[in-house]
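J.: dropping the sequence and predicted coords here.
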Amino acid sequence: DVKVTQSSRYLVKRTGEKVFLECVQDMDHENMFWYRQDPGLGLRLIYFSYDVKMKEKGDIPEGYSVSREKKERFSLILESASTNQTSMYLCASSFSAGTYEQYFGPGTRLTVT
Amino acid sequence: QKEVEQNSGPLSVPEGAIASLNCTYSDRGSQSFFWYRQYSGKSPELIMFIYSNGDKEDGRFTAQLNKASQYVSLLIRDSQPSDSATYLCAPRGTSYGKLTFGQGTILTVHP
């Protein structure tokens, strides 16, 4: 069974804090993705990575950065958290061939106060 | 025009009925199409994948794809209360397996 894990289910941070969200997958997937999900806006892609140290901006990268130092781990960084970054953050991973099915982690609900 | 549009919900059907979920997409280069189901408070899980024009059946679920019309649908036969969830349509483009998700359709199956 594919397993994608995220470091926290719930997180509360203060405005201006630097926030790290971690994602780990155990299926040797090349691709990893970070999304945020907000009511009425659906799933929006923040960043993705197709290889170690490789990254591409998604649709809403502003205010975020990412790091992928090892194949199994993909980190999302909020450099200076703001209240409009309060959201559900979902990590996903997939192979770079075949069906490209994405497997999702359980999500991190981040609240910035 | 949004890249992926799904029929506005919420959609409510009685138990045992057929639920019909629709999705249109704008990227003609889309290679394949995914339907994900997301229960409240949970993460999305894949329920159907289709890449050829026509129908694909898997148990009570049938996906229908028409690339010329840029349209993909999901039919759920004999709907059950356990099918109550948000259904997300996601075409895959040509870049690194990126998926573009629609906003989702909330389905409620009432006994």
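T.: Nice, I can see it.
J.: can you list the residues that contact the top strand by length along chain A?
T.: When every strand of chain A is counted residue by residue (DSSP state E), the longest turns out to be strand A:42-51. Contact partners of strand A:42-51, identified using CB atoms under 8 Å, 6 or more residues apart in numbering or on different chains, comprise A:30-38, A:55-61, A:64-66, A:68, A:71, A:74, A:76, A:90, A:96, B:44, B:88, B:96-98, B:100-104. No exception for glycine: its C-beta is placed from N, CA and C like everyone else's.
J.: try it again at 7 Å.
T.: A:30-37, A:55-61, A:64, A:66, A:68, A:74, A:76, A:90, A:96, B:88, B:96, B:98, B:101-104 (CB atoms under 7 Å, 6 or more residues apart in numbering or on different chains).
J.: so A:Glu69 is in which element?
T.: Using DSSP states H and E, A:Glu69 sits in strand A:64-70.
J.: how many neighbours does residue 77 have?
T.: The chain I'm using is chain A. Residues lying near A:Ile77 (other CB atoms under 10 Å in any protein chain shown) number 14.
J.: oops, chain B please
T.: Neighbourhood size, B:Arg77 [other CB under 10 Å]: 13.
J.: which of the contacts of strand A:42-51 count as buried?
T.: By neighbour count, with 16 or more other CB atoms under 10 Å in any protein chain shown, these hold A:30-37, A:55, A:58, A:64, A:66, A:68, A:74, A:76, A:90, B:88, B:96, B:98, B:101-104 as buried.
J.: what about those, which are in strands?
T.: Using DSSP E, these in strands are A:31-37, A:55, A:64, A:66, A:68, A:74, A:76, A:90, B:88.
J.: could you identify the most distant pair in the residues you listed?
T.: Within these, A:Arg68 and B:Leu88 form the most distant pair, 25.1 Å apart (CB to CB).
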